[in-house]
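In: could you work out the structure for the sequence below:
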Amino acid sequence: MDIQKIAAWANVGSFGVACVALYFVLPSQHPQVAEKGAVLQGINPSIWILMMTLLVAGVLHITAAVVQRKSVHAPAPHTGASSSLVPASVPSPSTEVGRRDFVGASITPEYLVGLFKDHTSIQANKLIEPFIGKWMKVSGHLNEVLSSTPDFAQVSFSGRGLTSDLAGIYMYFRSKDSIERLAILRRGDALTIVGEIREINSVQLTLESCELEG
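Out: Have a look, this model is predicted:
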């Protein structure tokens with residue numbers, strides 16, 4: 001049984017006890033006193049105080065019982081919220097900070113650059129839109145590292161570009177740690193690089209925010 005219901009019934013019981021006590025205290029309840037016409041006479045002041053105290057206590061108890069009974073059965077306030085809430089501080093996967101969406105393995109630099117060979121530029125620019133901002137992994141042999149500041153470098157692979165069937169790739173690094181690693185590499189070293197697709201045209205692919213793998 002609910003604790004509030006128990007309290008309500010206890011208050012009702014206390015009121016009943018108060019009523020019984022009044023019955024035995026009031027002189028008018030005793031026939032021998034009532035027959036003598038002394039219903040209210042000769043009552044000690046302390047008896048009056050006790051009677052009034054019991055009466056007030058009884059009224060308070062019954063009032064409390066009614067209020068508690070209403071509060072027990074009162075419906076919970078409707079907030080309009082769903083019963084299954086997800087904390088707002090928890091991000092959904094689609095908005096996760098730092099998430100990287102990689103293109104599929106079949107999406108190569110040659111495929112993307114080839115869109116400009118098979119379509120007009122206005123058509124190809126619409127076709128490449130879904131790939132801009134996505135991430136790609138590329139591998140090749142180091143051709144050149146150009147760096148003008150400690151936190152910027154441009155990297156290119158050998159055997160790619162206008163004189164090759166392979167699309168040219170320009171990879172931009174903006175991490176000091178990565179550039180320090182690039183500084184000790186030799187031309188011809190094999191590299192695997194991941195970067196964000198920033199630009200595609202009819203001759204080359206540009207990757208930004210690049211990182212060395214391995």
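
In: make it CA atoms for all contacts and neighbour counts henceforth
Out: Noted.

In: give me the longest strand you can find in this protein.
Out: In the chain, taking DSSP state E as the definition, the longest strand is strand 135-149.

In: which residues touch that strand?
Out: 100-103, 153-158, 182-183, 186-197 (C-alpha atoms under 8 Å, 6 or more residues apart in numbering).

In: wait, what's in contact with T206?
Out: Applying C-alpha under 8 Å, 6+ apart, we find T206 in contact with I169, Y170, M171, Y172, I197, R198, E199, I200.

In: give me the pLDDT for the nearest residue to I197 once chain neighbours are set aside.
Out: Of all residues not flanking I197 in the chain, L207 sits nearest, at 4.7 Å (C-alpha to C-alpha, 6 or more residues apart in numbering). We note a pLDDT of 98 for L207 in this prediction.

In: dig out what L207 forms beta bridges with.
Out: As for beta bridges, L207 partners with M171, I197 under DSSP bridges.

In: same thing with the one 4 residues further on?
Out: In this structure, E211 has beta-bridge partners V194, where bridges are defined by DSSP bridges.

In: quickly list the domain ranges of this protein.
Out: Taking automatic domain parsing as the reference, the chain has its domains at 3-73, 109-212.

In: is I200 in contact with G114, as I believe?
Out: No - in this structure, I200 is not within contact of G114 by C-alpha atoms under 8 Å, at 10.0 Å.

In: does the residue nearest to I197 touch Y172 like I think?
Out: Yes - at 6.2 Å, L207 counts as touching Y172 under the criterion of C-alpha under 8 Å.

In: of these two, who's got more company?
Out: The neighbour count for L207 versus Y172, taken as other C-alpha atoms under 10 Å, is higher for L207 (27 against 23).

In: for that one, give me its contacts.
Out: Taking C-alpha under 8 Å, 6+ apart as the test, what L207 contacts is I169, Y170, M171, Y172, G195, E196, I197, R198, E199.

In: repeat that with 6 Å
Out: The contact partners of L207, by C-alpha atoms under 6 Å, 6 or more residues apart in numbering, come to M171, G195, E196, I197, R198.

In: tell me the one among the residues you listed nearest to P130.
Out: P130 lies nearest to I197 out of these, by C-alpha to C-alpha, at 10.4 Å.

In: which residue packs closest to G133, ignoring adjacent ones?
Out: Setting aside the residues directly before and after it, G133 is nearest to I197 in space (C-alpha to C-alpha, 6+ apart), at 5.3 Å.

In: residues near the one you found, how many?
Out: I197: 22 neighbours (other C-alpha under 10 Å).
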